[in-house]
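A.B. asks: Below: sequence and its predicted model.
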Amino acid sequence: MALSGLQIQKLLPKTNCKECGSSTCMAFAMKLAAKKASLDECPYASDEARQVLGAASEPPVKGVKIGVERVSSLGEETVFYRHEKTFVNQTVLAVNLGDDDDLALADRIRDYTLVRVGETLTLGAVAVTQTGSAEAFVAFCKAVYDRARLPLVLRGRDADALALASAAVAGSRSVISGVTADNADALRAVAVRDGHVLAVTADDLDGLCALTAKLKADGFNDLLVAFSTHSLAEEFQTNAIARKAALSGGVKALGYASLRFIDTGDGMTDMVEATTEIAKYGGLVVLPSFDPAQLAPLMTLRQNIYTDPQKPIQVEPKLYAIGEPDKSSPLFVTTNFSLTYFLVSGEIENSGISAWLLVPECEGMSVLTSWAAGKFSGATIGKFAQDIGLESLVDTRTIVIPGYVAQISGELEESLPGFKVLVGPGEAADLESFIKSVLVNHA
Ligand code: SF4
């Protein structure tokens, strides 16, 4: 847990020698508490101070990375709610394959991408579940890794099969799942040998805490935790209890990202479970099969939850070319909120024309919000257009504004002499018909 400045000051030499650059040890302690200095800057800090401060500065949920060529980070979370501070590492989504599945699915998992508001969203791992012999399981794991080059989640029937599969994909920074009190010593040695992460499980949280504490005491701390739950309510509750215990209770034994295999046998229930994981602290979530119809909404949800709520996602303010416009192509204006930009540019593209899209600085706010905040007015748009030299960049002298801010027409015409304002539709979805019925026919 984080220490206060006063608690840190008690650990310092209190000689006020100023060699750290602060005028007093107390001032230095305050900087340490605010994470604006490092203890290394004090040459006289004791071993005890280093030990206590080192432990206190560890994130309450331990960070761990999986993968080599496509690396995913898990854990490192510091808050319970996203409005306190953004979540750090988003839920990693993986897809399960049985070792008798078609190998070509490994390529589809590797290649799956969803592009949304300028970000390319992908899957982070492939889980392989043993269904037959250990030999077939090991051979399939190796073949999947060779094709997908993604970290695997190894799900074997016993420690021997897991050890063989681990060796077959050594160096891939994969996850060995199903680690229990009975096989922990053997699988710890395997994970150390092959450079993998262990996902531990137990019947209850007490058992889980005992197991993570033992592995940590034995010198292995690259861990995930898999909770044993039997209902959606229990899943939700357990995820919340573990996060709360790690963040507020200082329970380091629960301070690890989670692993959950989802496979209820019912597509809708699977989606509800996956949604719960993404919304409530899920670390690595394994979906039962490769289904783009499930992946798209889950990735969209994940992107929304893991963006910084205090900093809207935004695009660079500038004049964008949509398609291959020439100087007399139509000219539109919208705000630099990413969602708005990509909706508007997408609808213009869908209409089949090329055009210019003027995007002034609106601090990432949507049309009506930025207008209400005075960031998307006739004056601000006009000033931005003049600053970038719009007049010389395009020959067209008609600018289409969003219908919801029709009231800025007069002010914009005053701010942009020589330009005529045309009021477009309120909704981006109506742009295509507007372009076809007004702009194309008009031209
Ligand atoms: S260098 Fe260390 S002992 Fe000297 S003022 Fe800074 S914190 Fe205190």
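C.D. replies: Arrived safely, thanks for sending.
A.B. asks: Can you verify A139 is assigned to a helix?
C.D. replies: Yes. Counting by DSSP: H, G, I helix; E, B strand; the rest coil, A139 is located in a helix.
A.B. asks: Parallel or antiparallel, list what pairs with the strand ranked longest in the chain.
C.D. replies: The strand that spans the most residues within the chain, counting by DSSP state E, is strand 92-98. Strand 92-98 sits in its sheet next to strand 125-129 (parallel), strand 284-287 (parallel), going by DSSP bridges.
A.B. asks: CA atoms only for the longest one, dumped as PDB, please.
C.D. replies: If I follow you right, that is strand 125-129. C-alpha atoms of strand 125-129 as PDB (Å, rounded to 0.1, in the frame of the first residue of the first chain):
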ATOM      1  CA  ALA A 125      -3.500 -15.500 -27.100                       C
ATOM      2  CA  VAL A 126      -4.700 -19.000 -28.200                       C
ATOM      3  CA  ALA A 127      -5.700 -21.600 -25.600                       C
ATOM      4  CA  VAL A 128      -5.200 -25.200 -26.400                       C
ATOM      5  CA  THR A 129      -7.200 -27.800 -24.600                       C
END
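A.B. asks: From G364, how far out is the residue of the stretch 301-443 of the chain found nearest the ligand?
C.D. replies: The nearest approach of the stretch 301-443 of the chain to the ligand comes at Q310, 32.9 Å away (C-beta to the nearest ligand atom). Every residue, glycine included, has its C-beta placed from N, CA and C. For Q310, the distance to G364 equals 11 Å [C-beta to C-beta, to the nearest Å].
A.B. asks: Please say which of these two ends up with more neighbours.
C.D. replies: Higher neighbour count among Q310 and G364: G364, with 20 against 10, using other C-beta atoms under 10 Å.
A.B. asks: Correct me if wrong: that one contacts N336.
C.D. replies: Yes. With contact defined as C-beta atoms under 8 Å, G364 and N336 form a contacting pair (6.1 Å).
A.B. asks: Common neighbours of those two, please.
C.D. replies: Q314 (C-beta atoms under 8 Å, 6 or more residues apart in numbering).
A.B. asks: Quick check: residues of this structure near the ligand?
C.D. replies: 12-13, 15-20, 22, 25, 28, 42, 44 (C-beta under 6 Å from any ligand atom).
A.B. asks: hmm, 8 Å instead?
C.D. replies: With C-beta under 8 Å from any ligand atom as the criterion, the chain meets the ligand at residues 12-25, 27-29, 41-45.
A.B. asks: filter those to the buried ones?
C.D. replies: L12, C20, S22, T24, C25, A27, F28, A29, C42, A45 (16 or more other C-beta atoms under 10 Å).
A.B. asks: My read is that the fifth one contacts L11, right?
C.D. replies: I take that to be C25. No. At 9.5 Å, C25 and L11 do not qualify as touching, with contact defined as C-beta under 8 Å.
A.B. asks: Test for you: state the pLDDT assigned to A2.
C.D. replies: With respect to pLDDT, A2 scores 69.
A.B. asks: That should have said V421, apologies.
C.D. replies: The model's pLDDT for V421 equals 95.
A.B. asks: What distance do you get for E277 to the ligand?
C.D. replies: Here the criterion is C-beta to the nearest ligand atom, to the nearest Å. By it, E277 lies 44 Å from the ligand.
A.B. asks: sorry, that was for G249
C.D. replies: Separation of G249 from the ligand (C-beta to the nearest ligand atom): 31 Å.
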